[in-house]
Each structure stands twice: as structure tokens, then as C-alpha cells.
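**Student:** Return a 3D structure for these sequence lines:
(chains A and B)
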Protein chains: 2
Amino acid sequence: MARAGRDALLLTTEPEIRYFTGFLTRFWESPTRPWFLVVPVRGDPVAVIPAIGQPLMAQGWLSDIRCWSSPDYRDDGVSLLADTLAALVPPGGAIGLPSGGETHLRMPLASWEALRAALPDRQFGDDADILRRLRMVKSPAEIACISRACAIAGRAFARVPEIARAGVPLSGVFRRFQMLCLEEGADWVPYLAGAAAQGGYADVISPATEAPLTEGDVLMLDTGLVRDGYFCDFDRNVSIGPAAPALREAHAALIAATQAGFAAARPGARVCDLYDAMAAVTGGGAESGRLGHGLGMQLTEPPSLIPADETVLVAGMVLTLEPLIDMGQGRILVHEENIVIEETGARWLSPAAPPEIVEILP
Amino acid sequence: MARAGRDALLLTTEPEIRYFTGFLTRFWESPTRPWFLVVPVRGDPVAVIPAIGQPLMAQGWLSDIRCWSSPDYRDDGVSLLADTLAALVPPGGAIGLPSGGETHLRMPLASWEALRAALPDRQFGDDADILRRLRMVKSPAEIACISRACAIAGRAFARVPEIARAGVPLSGVFRRFQMLCLEEGADWVPYLAGAAAQGGYADVISPATEAPLTEGDVLMLDTGLVRDGYFCDFDRNVSIGPAAPALREAHAALIAATQAGFAAARPGARVCDLYDAMAAVTGGGAESGRLGHGLGMQLTEPPSLIPADETVLVAGMVLTLEPLIDMGQGRILVHEENIVIEETGARWLSPAAPPEIVEILP
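**Tutor:** This is a model prediction of the structure:
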């Protein structure tokens, strides 16, 4: 921060605030109240938060926790935040906010304008990418959390044959799969998407329909479950009934592409090299825009596995490898695994799937 | 919009976009991509979204869906959005964004600044509270969805004695309770908070600890589960072992307060009247800042049951009633139910709890 000329960072979102405080709560699901953390260039961070969060924040390491009774329609924390910033940042000083891709400012626009008006002689600007660069490299403790989340999802995926068979509605598979994730140790299941269709699916973000699984469907489940505040994010494809040759071949090619990405993943390689390694196997790029991404406190984090991302890999980065194959007629097949970059190469965090697609036979 | 002088609304968040399009996906869990909906004062809304969302958006009613391949580090939808706004809003025209309490702008600050720079002769301002006022009054179809979510949670709460007893870790109760919600029909369980402690708890937003339930604990579970895209949000307290007289009395007082709020809830009454009716029974206000709130597509929505909220109730509003009692020594007890305002008064959406606290006996 000192090198970048930032006197303080102003943070407003769940992962940004948790990263520095350990403040872990599902209460962020409520959009009502704004939450603020000020990280000064010298000294400990200061939390400026609604009173409802005081007991939980006080369980953590921060000693300076400033609260107001929220919601307050006249002044929902803006004055308290402005006073805090005025005391920590000298006139003319710079306040940095995460402003680039994948970020947003979690406070009302009207409050944001009021804050700037209250501090006319401080400069508000970006955070010089400090948060992105910090969070992209995980600590061993963070990697242990992600690894545990991956292991839980791996056990749940191994039990899919218990819940998926011809005749079961896809919505029922989704419900039962989330129950398996919880039974295997997930704290909660923030993300589940998937699809079931003949020979491939149209997209990978739709919620479940009531349509029953049918012989010949390929069923894809993609979950981001949370354990101790950290995500996994990987998927599995299974065939309902015997897999057609085209499906078997496509699945094997996806696994080969994932292995090629894994082999390319080592310190010094660039993110785009992983993209290239996978696209070379599948013979094409990503309909969805990328072939993988970072993960950790969020389901998806920087970097993005796209040709334009030249981020150099370093040990501690956690990534998804997510190659895609075009099955024709608007259908795709996607596979996804999670890896961590170590000094000598990559290590699987999810249990790498074999080339043979699992068949669920009657 | 015409009366308020807005030529278009620009919407960026999940509930805002879903409200007008029906676009329902858990993919919002990924913060990577921005999504935009432009609602012009005349004509149909236009979706400006990442290509990964095209197949799902095309399942809905919108015909004008404009896509780009995201993430794009140079221009992540900003030019496409600027072109769309330029075509729909004349020079000098006004573009409204939700800007007040409980809102935020879900796009990077840098993109927001680039958008404004690309359209220097359009005015960007608030949405004249149009979204808040629209969404605060639910349609019969919305009320049916919330009612179904409430019924599912009611069945799950009725089964808490199956999963909670002395010796079970609170984290295990949380996992099993989410499984019950899914088994009873939840599509997913975005919110579960709660606590277990002797004679009351310190707060209502903490995640579960590993501590085992103990005889004499009061266990509170507060869930917001989703069915068909709509939330319930209510809680239950149960006593592990026989309830002490102070706990029995406090629980009965909370139910009396809830009933007082229910009795006061009718078209023409003000939101603050419900606050007053409940606070008169419990003898005090809200540590947490309010005694209830709206709900629907989100766990919490406007209005807030606080003394300052003079919103006049009309039929179709869905509210939580959430009185709180101070148990001393930093402990509280909270009860919560969900109601809908109808022409002749309120109707329970959650199954109103009786005054007697449930005791789970060995």
C-alpha cells in the first residue's frame, strides 16, 4: 500500500472483509445493511459495521469495531465511516477501493456519493490491484480448507449412483445431491448447477427442471460447496444407461484436456498456457468465455483461463481446469477439476476423474 | 417511469434482473461477470449479458438479448451496454439506477466510470424508488411462491426433534436441518443461522460452532430457504431438556408480541405501527435495529420495521414479524413469523407458533 501510495483501503464485500477479519457469517445473504472495513497503511484494520454484527466481529482479532444501529434511513453508516476515514487518512491522502474486474462496491450509490461529498479533500481511486494480487495466492491454511471442501464433494459425487437413475426428476437429483454434500460434511451448498440431456447439454448454469432422467441422458452436476468458508468448484458427468460411443470419446477427450492443463501448470507458466494446452486437445475454445478460473473464498476468483490472461503462475494459486467440447447441435460437454500450484508442479485437490465416463445401469 | 422523467432503468443485480425477465440461476454465485438489463420507458427490456447466459435467457420472454464473450479484460460489456443505452435513451435523457437503501451497483467501479464517460450527454441518477415500490407489493403468484417456501420450512421445523438433542454438535444440527429443508422440498437453502446457549444467545447471525447441545440450552434456528426463486424467513426456538420458567415466559411474550404485530397489520396501518405494537409487548426495541422486514425474491427486502419507517401497508405486502426480548447478561431471544397483508388484515404464511416453547426431552 505504501509503495502504491494508498493511505487506506476501503472494503465493502463479504470476501474482502472476511479476508482481513475472519468475519464469517451467512448474514450477507441479507442485502439490507452495508458493512465497511478500513485497512490503513499503518496499524490494524478498523471495522465500521451494523450493531447486529458486533458480537460476532468481537470474537475475531480486531479491537477497533465501530457500530451504528442499522438500518438508519437518514445516515446508514456514512457519517461514521467518513469520520473513521478522516481520522486515518490525511487531507490529500488516497483511499483505494477494489475497482477492476470481478469486484463491485457493496453500498448504495447514494451513500457512495454522500461519502465522497463528506470527504472532498481525500482522493478515492482504485486499490492498485492489491486485493486481487493478495487473494490470488493462497496460504497453506487456505489450501487445506479448499482441499477439504474438494474431498467432501468428491465423496458426494461418488454417491451419485445412489440418487440418479432413469425416471427420477432432475430437480429431485439436485435436492438429493445437496443432501449428500451436507451429509459428507459441507457446511452449506451455495452453488449447484447442472443438466441432463441426450448426448450433451445446452448450457451449464440452468437450474433443475422437473423432467425425469431418461436412458441415454448425460447428467452433469457442478457444485460449489463450502467448508470452513472455502469453496470447491468441480463437476462430474455420468451416463444414464450405457454411454454412446460419441459420449465416451468426448468424455475421454475432456479428461485428456484436463490432464494436459495439469501437466502445463507449474510456477513460471502463464495462465494462457493452460488455456492453450487444453484447447489444443479439445480442438477449440470456450463458449462460456474461459476454460477455468481461480477459487477460494468465492466460487470463482481471478485469474481467468483465457488467451488474454498472461498472469504468471506461482506456488499457492488454486485453479479450476474446465475444458469444454462442442457436441454439435447446440450441445456441449464440460469437465472440471481443482488444482493447486506447488513448487514442482500442480497437485490435484479434487479427485481427478478417469477417462471412462461412469454409467448408471438399471 | 414517464411520470418520474426516466427514459430507462439500468439494472445490474440478480433480483432486479429476475424481476423483469424470470432469469433464475444460481450462477450469480460467481462474481466474475457483470449482467445488465435496460428497461426503457417504452418497449420491452433489453438484456445485455455474458454469452454464457444466452441459452437460459432465451428460454424466457425477452426477444432482445445482446451478448458478449465474458470475461473480456479490455471491455467487459461496457461498450455493448453503452451502445444499447445510446440507442434507447435520447441525448439529454435520464437513466435511473436503484440507488437508495438495500441496493448496490453490481459492476466494477472502473466499468461504471467508463460507462459514464462513454455517455457524457446522458444523465445518470436514481430510479425514483420505482424498483422498491414495485417489488414491495407482491403479486398473487409471488405470494403463492413465498407461501410454499414457508410451508416447506414449517415441515422442516416440525422435524427438529429428530435431529436435535443433548450431545449433538450445533454444526451437525445445522447440516441435518438443511437436509430436512431439502427433503421437504426446498430447491436450495441460502440462509441458515442460529445459536444454542443457556437461557438465550448473544446474536442471531453466527455460523454454527462444534459445541455439543447441552441440557438447558435454547436452540434457535433461522432459515431462509428458496423454492421457485422465492424465500421464506422465519425461526423457531426449542428447549433442550425442560425449559426454565424464564425461558417459557420469554417465549410466550415473544409469541404475544408477534400476535400483536399481526393484529396491527392491515391496509392503511404504517410499518412503524407494527414496530410499536410489538415493542409495547416486549418492553423494548431492537438490538439488531429492527423488528422485521419485507421478503420475497430476497431474504430481506424493504420495508424495515423501525420507528422511522412510515410506509403505509397495502394488500400484497409480505413481511416478517421478528420481536426480540433481552434476557440479560448480553443474551437475547428472537422469534420470527411471515405474514401477507390482505384487504381485511394479515394472513399467516408461516405456521404461527404457539406460546409454549417446544421441549426436546431425552
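**Student:** Please, where are all the helices along the stretch 1-150 of chain A?
**Tutor:** A:14-21, A:54-58, A:78-88, A:109-118, A:130-136, A:140-158 (DSSP state H, counting those that start in this stretch).
**Student:** buried residues in the third one?
**Tutor:** Put plainly, it is helix A:78-88. Buried residues in helix A:78-88, counted by 16 or more other C-beta atoms under 10 Å in any protein chain shown: A:78, A:80-82, A:84-85, A:88. Any C-beta I mention is one placed from the backbone N, CA and C, and that applies to glycine too.
**Student:** circling back: take the helices of the stretch 1-150 of chain A and write them to JSON lines, including distance to chain B and mean pLDDT.
**Tutor:** Below are the helices of the stretch 1-150 of chain A laid out as JSON lines (distance: least, C-beta to the nearest C-beta, whole Å; pLDDT from 0 to 100):
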{"stretch": "helix A:14-21", "distance to chain B": "8", "mean pLDDT": "98"}
{"stretch": "helix A:54-58", "distance to chain B": "4", "mean pLDDT": "95"}
{"stretch": "helix A:78-88", "distance to chain B": "11", "mean pLDDT": "98"}
{"stretch": "helix A:109-118", "distance to chain B": "4", "mean pLDDT": "98"}
{"stretch": "helix A:130-136", "distance to chain B": "11", "mean pLDDT": "98"}
{"stretch": "helix A:140-158", "distance to chain B": "11", "mean pLDDT": "98"}
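**Student:** Quick one, which of these gets closest to B:I205.
**Tutor:** helix A:54-58 (6.0 Å; C-beta to C-beta).
**Student:** on contacts alone, who are the packing partners of the closest one?
**Tutor:** strand A:65-68 (3 or more C-beta pairs under 8 Å, 6 or more residues apart in numbering or on different chains; DSSP states H and E).
**Student:** Kindly export the strand it packs on (C-alpha atoms) in CSV.
**Tutor:** Provided in CSV are the C-alpha atoms of strand A:65-68 (Å, rounded to 0.1, in the frame of the first residue of the first chain):
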residue,chain,number,x,y,z
ILE,A,65,-15.0,-2.1,15.9
ARG,A,66,-17.3,0.9,15.4
CYS,A,67,-21.0,0.3,15.1
TRP,A,68,-24.3,2.0,14.3
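**Student:** can you list contacts of that strand?
**Tutor:** Contact with strand A:65-68 is made by A:46-51, A:53-54, A:57-58, A:75-77, A:80, A:84, as judged by C-beta atoms under 8 Å, 6 or more residues apart in numbering or on different chains.
**Student:** again, but for stretch A:269-277
**Tutor:** With contacts defined as C-beta under 8 Å, 6+ apart, stretch A:269-277 is touched by A:257, A:260-261, A:263-265, A:285, A:290-292, A:303-313, A:319, A:321.
**Student:** Relative to its centre, which residue of chain A is most distant?
**Tutor:** Largest separation from the mean C-alpha position in chain A: A:P91, at 37.0 Å (C-alpha atoms, centre = their mean).
**Student:** Count the residues that sit near the residue lying closest to it once chain neighbours are set aside.
**Tutor:** Distance criterion C-beta to C-beta, 6 or more residues apart in numbering or on different chains; nearest residue to A:P91, sequence neighbours excluded, is A:D121 at 4.6 Å. Applying other C-beta atoms under 10 Å in any protein chain shown, we find 10 residues neighbouring A:D121.
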